[in-house]
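Q: Give me coordinates for this.
(2 chains)
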2 protein chains.
Amino acid sequence: MKDALSKPAYEAAAADLRVALLQAQKELAASGFSLVVLLGGMEGSGRGDFVNLLLTWLDARGVEVHALGDPTDEERERPFFWRFWRLLPPAGRTAVFLTSWYTDPILDRLFKRASRRRFEEQMGRVVQLERMLVEERVVLVKLWFQLSKREQAERFKALRKDPATRWRVTGRDWRLHKKYHRLRKISRLALAETGSAEAPWRVIEAADRRYREATAARTILSCLRRALARAPKASPRKPDAPKPKPGNAIRGLDLSLKLSPDAFKESLDLLQGRLGSLTRDLRRKGRSLILAFEGPDAAGKGGAIRRLSAAMDAKLYTVKSVAAPSDEEKAHPYLWRFWRELPRTGRVAVYDRTWYGRVLVERIEGFAAPGQWRRAFGEINAFEEQLRDFGVIVLKFWIAISRAEQLRRFKDRQTTPYKQYKLTEEDWRNREKWDAYEAAACEMLERTDAPGAPWVLVEGEDKRWARIKILKTIVKRLERELS
Amino acid sequence: MKDALSKPAYEAAAADLRVALLQAQKELAASGFSLVVLLGGMEGSGRGDFVNLLLTWLDARGVEVHALGDPTDEERERPFFWRFWRLLPPAGRTAVFLTSWYTDPILDRLFKRASRRRFEEQMGRVVQLERMLVEERVVLVKLWFQLSKREQAERFKALRKDPATRWRVTGRDWRLHKKYHRLRKISRLALAETGSAEAPWRVIEAADRRYREATAARTILSCLRRALARAPKASPRKPDAPKPKPGNAIRGLDLSLKLSPDAFKESLDLLQGRLGSLTRDLRRKGRSLILAFEGPDAAGKGGAIRRLSAAMDAKLYTVKSVAAPSDEEKAHPYLWRFWRELPRTGRVAVYDRTWYGRVLVERIEGFAAPGQWRRAFGEINAFEEQLRDFGVIVLKFWIAISRAEQLRRFKDRQTTPYKQYKLTEEDWRNREKWDAYEAAACEMLERTDAPGAPWVLVEGEDKRWARIKILKTIVKRLERELS
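A: Next comes the predicted model:
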């Protein structure tokens, strides 16, 4: 006996649900949460009908429905998740995904375009992403509409019979129907591997329209209510002041390394020429390049970046400076601001400060709660893994200087007209927290040093040495990656 | 004798320019202005070299360089200007366009893919866009690097000789070289037709590298300085209170028009079915649809929209509610928030309040200065013309109700649980200004009623009448456009 609902029971439930959903949606709008509904399930299980209904029950303003077709060429030039990242709703709003990050992995596995191992890898990534979304105040509701093979066939036949709905059953639907059992097996695997406590799947028997619609709506409502009740209390601003260990990686650097002006000039010309030509090859090789720079104020990030940019075609690169997020950025997970502007194939993005701000300045100044910056290590590793997996070349530089050298440079900035704009009050304040920043940096270097995206520590006391080391590292890496 | 600059003169100028540009860029960052540099000119005139240099003189952070290739498929599904609209920098920042809204029109004319008339139409649009940008605090610098045919040939030969620069001269360059005189003629025409007082062209002799670079940088600097000196004084908040004319279009409506529940039900089913099927055809016909709703609070916009959305596939439409702009939106021209989210081919965007807010609420409440809302009529007409020109079907509805009916509906909202969220303090305040809103609406209806995007006035006193009239109008229009 399948789950079903009588007409009167449905109508009573629907009236209540409608009022309650509207109310919850209104509370959502004023909260720091967003709502993401993934609507998975077999063809013919009524997902489209349900979302049509949902949009008449909810206030359709503030709800986006996404049924993505083939990736656009802008999407094809970015990692798999990019097309979903950019569609994530801001706080207060709702997105319903009829195509989700499950769709392609399941179909690729169904048609054996992906190995079992690849499929499991993808499910692992999905788990990482969803965990992060939930932590970042996305109310994630994952519904799966279930239908037996016989029910599916009956549904298709019913739709075919009515001239008004005939168009809805396509050849693709029948092809998938033939593979029903394999598809069900793969879907079950996907559900099993990704159904976590924080983002569980709700499997809904979909044969009876009234039952599936009432149940799905009720599930969304209860997820929303639970999340809103958790109360988005602002995390307390709690600056952290870790102590650096004596023999840490940064202190272990030999800051006396130097380069003579002549040796510098000679290497510079050579390396810049090489860099210019290598970056022109990126497009042809289908690759893009991300160069990330971190280090204390006045470590020479800007100067090093100018030596790179002088070598590259201005059409190919962008230099991004990471400052306070905009309100649209604040209304999304903290990595969204980086997701949204990932470089296309053939292009170079240079970051003067990066997503690592989460575990540096945000940690030390208390802009991120301890729970937030602690989980950021893993989230950032996952993010960079996706970049590398897609073929983005990622290079991360930490430029180190001594505290005394920083002071000399600050004073120099005070007296040089075209450098004055670079020195702010904040720089002096950060300088007071030198030790905490060093300790945070060391933890970051340890915890995010991945095989494909290693940290390069740069002795920055001598600017010439630092610039050549950076250029050399990039050229070497590009030569290896593009050969 | 061509314009040239000696090496010592250049070096002295460069040192000064660099300091001054950095200073101006810093002032720009704190101003309400953005800087857009269009860098036009012949191939081989050194535009690329100049932008490379400019990025080493400026702080490259905060500058984006755009050299666009073929449109992406996301761009192809939107009007011509869309790819540029979305790249406009926010206030405080800079964009340099090596490919601009001049590129395609000039090349299309060169290769006779566009008629002379089409070309002039396009230049007319360009003038409209640029005028708006300048009004919206974009510092627009239009540079044209000039080169004689002989100089161009020499330049190409010199580049070919050096192995390091050989790749820069392509077959396309030589093809354009052969058409030098026609290209020059068309370019001159473009410059003549678009060189206005507010956005003049600066033609720079480009044969001498030092001269062209110093001159171009100096021109950018002086434009920036002039704009920044104009001082972005905040326009005074000055609410407007126009008086409605006695026999105006809104008052002339017969608000007694009614529909019986039976007639309503019958028409509704028929029209909804038709609308569903017509909107499915949009994609195949390469069209998209914009439905814009305006009218007093409680006029029934939301209810009418729900009758539409209930008929359409949720995958195909989005309902957008226009509220206060985000800070990113505020940092751009006021139409940017609408530009950025234009629907793709095959999709429907329904607007609950629209860009007409500029000449309604912003006018009456004083959020827009008189100069701003006055020019908005023309800007909005130009915007919609571009939509129509691209094949977007635009329908605009003004739903009218009487003041007494509004009061009845406000009271009803107060007492119906699932309607309470729709009534705010602001609604009551706006009601006090009924006459001013009516007068502003009448002026809007008159001044923006374009042949391809006419206003449809809807008698809204009877909701059934209004909903059917709206549905009927859309269905009729779609039938005409898609047949």
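Q: CA only for contacts and neighbour counts going forward, please
A: OK.
Q: where in the stretch 351-483 of chain A is pLDDT low?
A: A:418 (pLDDT under 70).
Q: mind running it again at 50?
A: The stretch 351-483 of chain A contains no residues with pLDDT under 50.
Q: Kindly report the same for chain A.
A: For chain A (pLDDT under 50), the answer is A:1.
Q: Show me it divided up by domain.
A: In terms of domains, chain A is parsed into A:7-229, A:261-482 (source: automatic domain parsing).
Q: near chain B at all, the longest helix anywhere in chain A?
A: Longest helix of chain A, by residue count under DSSP state H: helix A:7-30. Yes. Counting by Cα under 8 Å from any Cα of the partner chain, chain B is contacted by helix A:7-30 at A:Val19, A:Leu22, A:Gln23, A:Lys26.
Q: What's the local residue count around the first one?
A: In terms of burial, A:Val19 registers 16 neighbours under the definition other Cα atoms under 10 Å in any protein chain shown.
Q: Please verify my assumption that it contacts B:Pro417.
A: Yes. The pair A:Val19 and B:Pro417 qualifies as a contact (Cα atoms under 8 Å) at a distance of 7.5 Å.
Q: thinking again about what came up before, what distance separates the longest helix of chain A from the middle of the whole chain?
A: 32 Å (Cα atoms, centre = their mean, to the nearest Å).
Q: What strand or helix carries whatever residue of the stretch 101-250 of chain A ends up closest to chain B?
A: The stretch 101-250 of chain A approaches chain B most closely through A:Ala164 (8.3 Å), counting by Cα to the nearest Cα. If you go by DSSP states H and E, A:Ala164 is not part of any helix or strand.
Q: just A:Ala216 next, same as before
A: Per DSSP H and E: helix A:209-229 holds A:Ala216.
Q: which residues touch the nearest residue to A:Pro105 once chain neighbours are set aside?
A: Closest residue in space to A:Pro105, ignoring its immediate chain neighbours: A:Phe119 at 6.2 Å, by Cα to Cα, 6 or more residues apart in numbering or on different chains. The contact partners of A:Phe119, by Cα atoms under 8 Å, 6 or more residues apart in numbering or on different chains, come to A:Pro105, A:Ile106, A:Arg109.
Q: Give me the three-state assignment for A:Phe119.
A: Three-state call for A:Phe119 (DSSP: H, G, I helix; E, B strand; the rest coil): helix.
Q: quick one, phi/psi of A:Ala450?
A: In terms of degrees, to the nearest 10, the main-chain angles of A:Ala450 are phi -100, psi 150.
Q: Which positions in chain A make contact with chain B?
A: Counting by Cα under 8 Å from any Cα, the residues of chain A near chain B are A:19, A:22-23, A:26, A:48, A:51-53, A:55-56, A:60-67, A:72-74, A:306, A:309-310, A:312-315, A:317-321, A:326-328, A:417-418, A:421.
Q: Which of those residues fall in strands?
A: Mapping these onto strands (DSSP state E) picks out A:Val63, A:Glu64, A:Val65, A:His66, A:Tyr317, A:Thr318, A:Val319, A:Lys320, A:Ser321.
Q: if we can go back for a sec, redo the residues of helix A:7-30 next to chain B as a markdown table? Include distance to A:Ala241.
A: Shown next, in a markdown table, are those (distance: Cα to Cα, whole Å):
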| residue | distance to A:Ala241 |
| --- | --- |
| A:Val19 | 49 |
| A:Leu22 | 45 |
| A:Gln23 | 43 |
| A:Lys26 | 40 |
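Q: Which two of the residues you listed have the greatest separation?
A: Farthest pair in these (Cα to Cα) is A:Val19 and A:Lys26. Separation: 10.7 Å.
Q: Convert the C-alpha atoms of the helix holding A:Ala216 to PDB, please.
A: Extracted in PDB, the C-alpha atoms of helix A:209-229 (Å, rounded to 0.1, in the frame of the first residue of the first chain):
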ATOM      1  CA  ARG A 209       0.200  13.700  -6.100                       C
ATOM      2  CA  ARG A 210      -1.500  14.900  -3.000                       C
ATOM      3  CA  TYR A 211       0.700  13.000  -0.700                       C
ATOM      4  CA  ARG A 212       4.000  14.000  -2.300                       C
ATOM      5  CA  GLU A 213       3.100  17.700  -2.500                       C
ATOM      6  CA  ALA A 214       1.900  18.000   1.000                       C
ATOM      7  CA  THR A 215       4.800  16.000   2.300                       C
ATOM      8  CA  ALA A 216       7.400  17.900   0.400                       C
ATOM      9  CA  ALA A 217       5.900  21.300   1.400                       C
ATOM     10  CA  ARG A 218       5.700  20.100   5.000                       C
ATOM     11  CA  THR A 219       9.300  19.000   4.900                       C
ATOM     12  CA  ILE A 220      10.500  22.400   3.600                       C
ATOM     13  CA  LEU A 221       8.500  24.100   6.300                       C
ATOM     14  CA  SER A 222       9.800  22.100   9.100                       C
ATOM     15  CA  CYS A 223      13.400  22.400   7.900                       C
ATOM     16  CA  LEU A 224      13.000  26.200   7.700                       C
ATOM     17  CA  ARG A 225      11.300  26.500  11.100                       C
ATOM     18  CA  ARG A 226      14.000  24.400  12.700                       C
ATOM     19  CA  ALA A 227      16.800  26.500  11.200                       C
ATOM     20  CA  LEU A 228      15.100  29.800  12.100                       C
ATOM     21  CA  ALA A 229      14.500  28.600  15.600                       C
END
